Every structure is written in structure tokens, then in C-alpha cells.
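> quick one: sequence and predicted model below, then my questions.
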Amino acid sequence: MRAVTVVSSASAPSRASVATPSRRRVSSRRLLASSRATVVVSVADAQSLSDVISLDSAAEAGLVVFAARFAALGLGKAKQGSDVERALEMCEARGIDVRDLYYDEDQGEQRWYLVGNWSVPKKGDPKYGDGRMSQELKSRVRYHDGKKAADEAGVNYADIEELVALYPTTPKKALELRRRLKEAGKEIEWDI
């Protein structure tokens with residue numbers, strides 16, 4: 001329960017009979033300032049915070065937040081899966097080799113001591129999760145399209161082809177090729 005307490009300041013009676021003209025101005029200012037009411041809202045009957053916020057409202061708010069997060073994560077995961085499928089189709093249409101993104105042989109024995117639904121990667125399983133796989137496939141499509149545009153514009157990219165690292169460098173290759181094309185005056189639009 002909420003109780004509203006209104007605290008009002010009443011003005012003091014002015015001494016107009018003995019006041020000088022300058023004193024009258026001061027007292028009229030005091031009268032204006034002191035005649036304003038101050039409102040103080042306090043929780044008078046509540047013994048604790050649990051009396052103000054019920055368990056039902058807290059549980060309802062928690063369920064709403066949980067449902068929103070669950071829906072957002074589920075939709076994000078579905079979007080990544082569809083991005084991978086679309087990028088694989090684009091790679092296939094352009095003739096881009098993606099075999100190195102998948103295991104080419106079984107990866108050993110079962111690890112019985114690992115908790116959860118972990119299993120040994122089999123031949124043909126992707127090496128990366130959907131997010132990383134989507135990024136790599138999109139970068140390969142972009143790099144392939146960039147190489148075509150570089151060939152048309154006469155831009156040299158042989159040194160970019162030689163870049164190797166312990167991790168895939170395709171995103172860096174694609175960005176460097178795009179930068180060189182931009183310097184050559186050729187703007188490239190990536191459709192993926």
C-alpha cells in the first residue's frame with residue numbers, strides 16, 4: 001500500500017505595518033517561495049520490499065525476459081543455419097572448393113569422460129560452428145568475386161593469394177583485395 005503525504009509550507013504573517021519598502025519586497029519573495037507545496041511520496045504501510053513487489057510479478061517478469069532471450073537466440077541460430085546453406089549454394093554455383101572446411105576422415109575414438117552430447121567428429125562433419133562457417137563461406141564468395149573484378153581491372157593480387165596462417169585468412173584476403181580495388185577506382189558490391 002502506498003500512502004501519499006503532502007507537506008505544505010504555510011507562509012508566515014508579514015509585518016506590513018512596520019516594514020520599509022525594501023523589506024516589503026523581501027517578504028513578498030518569501031511569501032511566494034514559501035507558498036509552494038512540497039509533495040513527499042512514501043511507502044508507509046509496507047514492511048519490506050516483498051510487500052511492494054509480489055512474487056507473481058517477479059516471476060512473470062523473469063519469464064518474459066527468459067522467453068525473449070530464448071526466442072532471440074533461437075532465431076539467431078536459425079538465421080546462421082540458413083546463411084550457411086545459402087553461402088554453400090553460392091559457393092557451389094561459383095565453383096569454390098570448400099572441402100577443407102569439413103573433416104576428411106574420422107577423428108579418433110569417443111571421449112567417454114566429456115560431459116554432454118559431445119561426439120567425435122566423423123568424415124564430412126563441419127570443422128567449425130555455424131557462425132564461423134558462415135563467415136568463412138561468405139568471405140570465400142566475396143574473395144572469388146573480388147578476384148574476378150581484379151582480373152577485369154588489372155589489379156595484381158598474387159601476393160594476397162600467398163597469405164597463409166594457422167587459421168583461415170579468407171576474410172583478411174577479401175578485405176585487402178577490396179581495398180586494392182577501391183584504390184584502383186573500381187567499386188565492388190558484395191551481394192552476400
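Cool, the structure landed. Numbers count the residues shown, from 1 in each chain.

> C-alpha from now on. contacts and neighbour counts both.
Noted.

> which intervals of this protein have sub-threshold pLDDT?
Applying pLDDT under 70 to the chain flags the ranges 1-55, 108, 110-115, 166-168, 192.

> what about 50?
1-17, 26, 31, 39-41 (pLDDT under 50).

> quick one: the helices in it?
Taking DSSP state H to define them, one finds helices in the chain at 21-34, 49-52, 55-94, 130-153, 158-161, 170-183.

> CSV please, covering the ones you listed and showing mean neighbour count and distance to Asp100.
As requested, those are exported to CSV (neighbours: other CA atoms under 10 Å; distance: least, CA to CA, whole Å):
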stretch, mean neighbour count, distance to Asp100
helix 21-34, 13, 80
helix 49-52, 11, 58
helix 55-94, 14, 13
helix 130-153, 19, 11
helix 158-161, 11, 16
helix 170-183, 18, 13
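
> redo these as TSV? Include distance to Tyr102.
Compiled in TSV, the helices of the chain are given as follows (distance: least, CA to CA, whole Å):
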stretch	distance to Tyr102
helix 21-34	78
helix 49-52	55
helix 55-94	12
helix 130-153	10
helix 158-161	21
helix 170-183	16
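
> and Ser119, which of these is closest to it?
Closest to Ser119 of the helices of the chain, according to CA to CA: helix 130-153, at 16.9 Å.

> who's in contact with that closest one?
The contact list for helix 130-153, computed with CA atoms under 8 Å, 6 or more residues apart in numbering, reads 77, 80-81, 83-84, 87-88, 90-91, 94, 96, 98, 101, 156-157, 168, 170-171, 173-174, 177-178, 181, 184, 186, 188, 190, 192.

> before we move on, the earlier item: closest one to Glu105 among the helices of the chain?
Here helix 130-153 is closest among the helices of the chain (CA to CA), at 18.7 Å.

> now do the closest one and helix 170-183, the angle between them.
Counting by axes from the mean of the first three to the mean of the last three CA atoms, to 10 degrees, helix 130-153 lies at 30 degrees to helix 170-183.

> contacting residues around Val155?
Here Val155 is in contact with Arg180, Leu181, Ala184 (CA under 8 Å, 6+ apart).

> tabulate those residues (TSV), appending distance to Glu136.
As requested, these are exported to TSV (distance: CA to CA, whole Å):
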residue	distance to Glu136
Arg180	21
Leu181	21
Ala184	26
